[in-house]
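[1] Sequence and predicted model, in that order:
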Amino acid sequence: MRVALVCPYAWDAPGGVQIHVAQLARRLLDRGHEVLVLAPGSNSAVDPWVRVVGAPVRVPYRGTVAPICFTPASARRVRTALGAFAPDVVHAHEPLTPSTSMQAVRAATAPVVATFHANLGRSRLMEVAAPVLRGVYRRIDAAIAVSDAAASFLARAIPERAVRVVPNGVDTRPFAAGVRPAEGLPDGRILLWVNRLDPQKGFPIAVAAFERLAARFPDLSFVVAGDGKDRDAVHALAEPIRRRVLLLGRVPHAEVPAYLASADAFVSPATGQESFGIVLVEAMAAGVPVVATDIAGYREVVRDGIDGLLVRSGDPEVLAEALGRVLEEPDLASRLSAAGRERASGFDWDQVAPRIEAVYREVTQGA
């Protein structure tokens with residue numbers, strides 16, 4: 001089957017949607033499909049099956065920045081690329097975002113599958129724009145949400161059509177046991193963060209929790225892989241504790257397994273707007289005990305007390321308490337590690353890709 005995958009966000013910017021599309025493309029290629037990925041980008045793509053169709057503009061929205069592209073020139077490139085590739089199916093991700101995916105839906109002559117990733121709670125902008133967005137939505141033959149949280153968010157703006165839930169796929173192979181730990185990290189135990197430092201990710205809460213843990217665990221360091229406007233939260237720490245925080249900045253996704261292999265606990269205290277939690281699955285696949293917040297999206301990945309610990313959002317005290325349990329109770333850490341690996345295997349692309357292929361067959365056979 002010839003599959004055109006369309007990503008709305010800059011291909012060379014960090015983000016869960018980009019990772020999802022790239023991994024899906026590789027898995028479809030492995031399964032014998034022909035694949036073309038269309039996306040904005042600031043640089044030419046390395047992979048021959050990726051076509052950059054325009055330069056992104058960074059648009060602030062709900063505490064983050066979306067690198068999108070919606071120029072007439074990019075629309076022409078999308079239309080030309082789809083015409084030359086002649087796909088059997090167009091799979092557009094986040095097609096209600098004014099970017100490449102929306103352009104592809106409008107230009108498509110083949111059946112369209114759409115995947116919705118976002119969970120932004122109540123979005124007044126989407127609700128106001130719903131009459132316009134319905135025109136795009138009507139051109140979609142099958143709609144997928146990556147979680148119940150994402151499906152609920154979409155339904156608040158456009159409730160007319162059913163959406164099936166197919167979870168995010170994660171390539172768990174790079175996180176398997178035996179990965180060499182990262183070099184140059186502090187001695188002793190490591191609390192790891194892997195995520196952007198956008199406000200909704202809760203980095204200041206993690207910093208405050210680490211401050212509470214620092215005296216209790218003098219060998220504990222906080223290693224932070226990611227960047228964003230909340231990076232300055234570490235300046236609130238006293239200097240002796242601040243020296244135990246290692247800010248790595250943005251880390252290429254290919255290097256994340258090595259950092260996870262070095263970690264004793266993984267922290268993710270997001271305050272909301274999470275539809276899933278790829279970073280949680282990757283940590284669990286690496287066997288790192290996960291402590292995260294009890295919010296929509298995360299609850300669909302981590303089962304509290306079984307394969308991770310979930311705590312009240314926005315409370316550094318309870319976050320520190322849960323992390324302290326993982327660091328102090330080896331039996332608990334071992335149990336969460338083993339259960340986490342098992343849980344993560346259910347989100348591997350070996351499980352998810354066939355479900356997406358089934359949707360492709362459904363829309364193409366009905367064409």
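    Structure received. Numbering: from 1, shown residues only.
[2] next helix or strand past the helix or strand of the chain with the lowest mean pLDDT?
    None of the helices or strands of the chain scores lower by mean pLDDT, DSSP states H and E than helix 124-137, at a mean of 65. Using DSSP states H and E, the helix or strand that follows helix 124-137 in sequence is strand 142-145.
[3] Pull out the buried residues from that following strand.
    For strand 142-145, a neighbour-count test (16 or more other C-beta atoms under 10 Å) marks 142, 143, 144, 145 as buried. Every residue, glycine included, has its C-beta placed from N, CA and C.
[4] Could you dump those residues into TSV with pLDDT added?
    Shown next, in TSV, are the buried residues of strand 142-145 (pLDDT from 0 to 100):
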residue	pLDDT
142	94
143	94
144	96
145	95
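[5] how about the helices in the chain?
    Using DSSP state H, the helices of the chain run over 16-30, 72-85, 100-107, 124-137, 148-157, 203-214, 239-242, 256-261, 278-285, 316-328, 330-345, 349-365.
[6] I'd like the distance from the shortest one to the chain centre, please.
    For helix 239-242, the separation from the chain centroid amounts to 31 Å (computed by C-alpha atoms, centre = their mean, to the nearest Å).
[7] now swap in the second one and tell me
    Centroid separation for helix 72-85 versus its chain: 27 Å, with C-alpha atoms, centre = their mean.
[8] Give me the helices and strands touching that helix, please.
    strand 2-6, strand 34-39, helix 100-107 (3 or more C-beta pairs under 8 Å, 6 or more residues apart in numbering; DSSP states H and E).
[9] pLDDT averaged over it - what is it?
    Average pLDDT, helix 72-85: 98.
[10] What's the local residue count around residue 316?
    Look at residue 316: counted by other C-beta atoms under 10 Å, it has 20 neighbours.
[11] swap in the one 10 residues further on?
    Other residues near residue 326 come to 23 when the count uses other C-beta under 10 Å.
[12] Show the contacting residues for it.
    Neighbouring residues of residue 326 by C-beta atoms under 8 Å, 6 or more residues apart in numbering: 264, 265, 289, 291, 309, 332, 333, 336.
[13] cool, residue 173 as well?
    Going by C-beta under 8 Å, 6+ apart, the list of residues near residue 173 reads residue 348.
[14] Kindly indicate which of the contacts of residue 326 lies nearest residue 316.
    residue 291 (11.8 Å; C-beta to C-beta).
[15] Would you mind measuring from the closest residue to residue 86 other than its chain neighbours to residue 187?
    Spatially, and ignoring its direct neighbours in sequence, residue 86 is nearest to residue 2 (6.6 Å; C-beta to C-beta, 6 or more residues apart in numbering). In this view, residue 2 and residue 187 are 52 Å apart by C-beta to C-beta, to the nearest Å.
[16] Nearest to residue 172 among the buried residues of strand 142-145?
    Distances from residue 172 to those, taken by C-beta to C-beta, are shortest for residue 144, at 20.4 Å.
[17] you'd agree the closest one is up against residue 352?
    No: counting by C-beta atoms under 8 Å, residue 144 stays clear of residue 352, with 10.5 Å between them.
[18] quick one: common contacting residues for the two?
    Here residue 144 and residue 352 have residue 166 as joint contacts, going by C-beta under 8 Å, 6+ apart.
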